[in-house]
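In: Could you work out the structure for the sequence below:
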Amino acid sequence: MATGSLTVVGTGIRCVSQITFEARTAIEQADKVLTIALDPLMARWLTQLNPTTESLHALYRLGMDRQLIYDAITERVLEAVRQGGRVCFALYGHPGVLVYSSHEALRRARLEGFEARMLPGISAEDCLFADIGFDLAGGGCQSFEANDFLIYRRVFDPRSALILWQFTLVGEALYTREMHSARGLRVLVDYLRRYYPADHSVCVYEAAQYPLAEPTLEYVPLSQLPKARLSAVSTLFVPPHGVAEADPEMLRVLGLS
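Out: Sure thing, here's the model as predicted:
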């Protein structure tokens, strides 16, 4: 086994207050901490926990293909691991949710013989369930990255709740300062209109970023989604449309009829 190791952790959504005990311990005990923390307060707090903290935000360059940025981040993490010592890669939210670099760094580190693990964190979806007050026991919930949802025409049931991640970045391959893609939003709305009426109420959700802040929940008719207040961290929650019917035969087989 090679001498270096990699621990990937999530810092939660709400700055500082949602980090788990095991994630904090991993940060404090690391020989090197790498982070993509965009919030100055979180970046400063991480540096206080561990003075070796290095921000990788400089790797995000305007107009650059996002995949090339993710590849560069992955390579920088692996460079640190190869130098030996305990490396901690600290990421916003849950480190395994919509983070290519975390999964790729873990995969390649293990292939190279390094010990590598991921610790869970609180994601935007966890916050959404709490803030919206949604219980997936009542019909389930489907969760997709918005580009993947459209490009591969993912099969879903409108009678169950739908969550679309990164929906404001539909059709955007480059890293830009734009908060959303107007063209991509039109495509998304037109596609959803095949399954939902124009006046179906959807929620543009943003979790609270700071301990004293409030989450943002803006309900708008589906047809008016492009006019809502949007940002790069907005998540779309589409409540169920219609009611599913129980299968009498399955009820009989299960002895529930």
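
In: Going by C-alpha atoms from here, please, whenever you check contacts or count neighbours.
Out: OK.

In: Helix, strand, or coil at Leu164?
Out: Secondary structure, DSSP: H, G, I helix; E, B strand; the rest coil: Leu164 is strand.

In: So what's the residue count around it?
Out: 20 (other CA atoms under 10 Å).

In: just for the stretch 101-250 of the chain, where's the confidence low?
Out: Applying pLDDT under 70 to the stretch 101-250 of the chain picks out residues 173-180.

In: now the strands: where do they sit in it?
Out: 115-118, 141-145, 161-165, 201-206, 216-221, 235-238 (DSSP state E, counting those that start in this stretch).

In: Kindly present those as CSV, with separate columns for distance to Pro40.
Out: Shown next, in CSV, are the strands of the stretch 101-250 of the chain (distance: least, CA to CA, whole Å):
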stretch, distance to Pro40
strand 115-118, 24
strand 141-145, 27
strand 161-165, 24
strand 201-206, 19
strand 216-221, 21
strand 235-238, 22
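
In: Figure out which of these is closest to Val33.
Out: strand 115-118 (14.2 Å; CA to CA).

In: on that earlier part again, please identify the most buried of the strands of the stretch 101-250 of the chain.
Out: strand 235-238 (a mean of 24; mean count of other CA atoms under 10 Å).

In: contacts for that one?
Out: The contact list for strand 235-238 (CA atoms under 8 Å, 6 or more residues apart in numbering) reads 161-167, 201-206.

In: Any chance you could list what contacts the helix or strand encompassing Gln48?
Out: Taking DSSP states H and E as the criterion, Gln48 maps to helix 40-49. Residues from elsewhere that reach helix 40-49 (CA under 8 Å, 6+ apart): Cys15, Val16, Ile27, Glu28, Thr35, Ala37, Thr53, Ser55.
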